[in-house]
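K.L.:
whatever this is, show me its structure:
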Amino acid sequence: MLMLLLGADEAGKGPVIGSMFVAGLVIEEEKLFDLAGFGVKDSKQLAPAKREVLARKIREIADDIFILEVKPQMIDELRVVMTMNEIMVRSFAEVVRRLHADRAVLDAADVDASRFRERVKSESKTAMDLIAEHKADERHLVVSAASILAKVRRDASMRELEAQLECKIGSGYPHDQDTIAFLSNWAAEKKELPACARHSWATAQRIKASFI
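P.N.:
Numbers count the residues shown, from 1 in each chain. Reported below is the predicted structural model:
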């Protein structure tokens, strides 16, 4: 009997602009050889064009895929009543709930991987064998594949935002000068932060205090 594996990882936990995506995919265990043959690895170790090629190949062999989008407004609203760690637990739990496999491997989104595992298992009410590890996207091919799907979707969403707003936004991360310039110019001109920003982020609050 074939074992089904579920891998899950996120992209966009830290940016001040844009959504966070948590991707999960299910594949048969023997298809790990296909992932290895494709050259699948942690998305951070791959160029954007390579990630897009791999995402298409991963989709072709996956038994099931679910990608959860958590929009900036939702993150801001949830942060009023819970920590970012709790938001991560709920997000991963939702992905685990939507997919079915014999074993799930998660990239731990908490300094305590065991605590993250227990919280996701409790929140999702899953009967699956569940593993959570730091750097799982480097150690487990199924999680590497999930990291690629999440990153490709996140990057596409940023390009969509730039097209919609007709301006350069950059990566959306606080260290990106294009991102900070976009936020500063927007706040200076419109006297408010854009809807695509995470208003609860310290970076956004600082820019708001400077220009609004």
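
K.L.:
assign a three-state SS to H199, would you?
P.N.:
coil (DSSP: H, G, I helix; E, B strand; the rest coil).

K.L.:
show me which residues of stretch 7-14 are buried.
P.N.:
G7, A8, D9, E10, A11, G12 (16 or more other Cβ atoms under 10 Å). C-beta coordinates here come from the backbone N, C-alpha and C atoms, glycine included.

K.L.:
just the mean pLDDT for it, thanks.
P.N.:
If you average the pLDDT over stretch 7-14, you get 98.

K.L.:
turn the buried residues of stretch 7-14 into CSV, columns for distance to S171 and secondary structure.
P.N.:
As requested, the buried residues of stretch 7-14 are exported to CSV (distance: Cβ to Cβ, whole Å; DSSP: H, G, I helix; E, B strand; the rest coil):
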residue, distance to S171, secondary structure
G7, 24, strand
A8, 22, strand
D9, 18, strand
E10, 15, strand
A11, 11, strand
G12, 10, coil
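
K.L.:
K151: neighbour count?
P.N.:
Neighbourhood size, K151 [other Cβ atoms under 10 Å]: 25.

K.L.:
before we move on, what about E162?
P.N.:
The burial count for E162: 15, using other Cβ under 10 Å.

K.L.:
so what's it up against?
P.N.:
E162 is in contact with K168, I169, counting by Cβ atoms under 8 Å, 6 or more residues apart in numbering.

K.L.:
change it to 10 Å
P.N.:
E162 makes contact with K168, I169, G170, D178, F182, according to Cβ atoms under 10 Å, 6 or more residues apart in numbering.

K.L.:
wait, doesn't the second one sit right on Q177?
P.N.:
Translated: I169. No. Using Cβ atoms under 10 Å, I169 makes no contact with Q177, being 11.5 Å away.

K.L.:
who's more crowded, the two?
P.N.:
I169 (23 against 8).

K.L.:
what's the helix or strand for the more buried one?
P.N.:
Secondary structure from DSSP states H and E places I169 outside every helix and strand.

K.L.:
now R206
P.N.:
Counting by DSSP H and E, R206 is found in helix 202-211.

K.L.:
what residues does that helix touch?
P.N.:
15-17, 72, 76, 173-175, 179-180, 183-194, 197-199, 201.

K.L.:
out of the residues you listed, which sit inside helices?
P.N.:
Secondary structure from DSSP state H places P72, D76, T179, I180, L183, S184, N185, W186, A187, A188, E189, K190 of the contacts of helix 202-211 in helices.

K.L.:
ok, the last one - contacts?
P.N.:
When you say that, I think you mean K190. F211, I212.

K.L.:
which element is V89 on?
P.N.:
helix 84-98.

K.L.:
for the helix or strand just after that helix, name the packing helices and strands.
P.N.:
Going down the chain from helix 84-98, the next helix or strand is strand 103-107, by DSSP H and E. Other elements packing on strand 103-107 under the criterion 3 or more Cβ pairs under 10 Å, 6 or more residues apart in numbering; DSSP states H and E are strand 4-11, strand 20-28, helix 84-98, helix 113-124, strand 129-133, helix 136-139, helix 141-165.

K.L.:
ok, which of the ones you listed comes nearest F38?
P.N.:
helix 141-165 (8.7 Å; Cβ to Cβ).

K.L.:
compute the inter-axis angle for the closest one and strand 103-107.
P.N.:
Angle, helix 141-165 to strand 103-107, by axes from the mean of the first three to the mean of the last three Cα atoms, to 10 degrees: 50 degrees.
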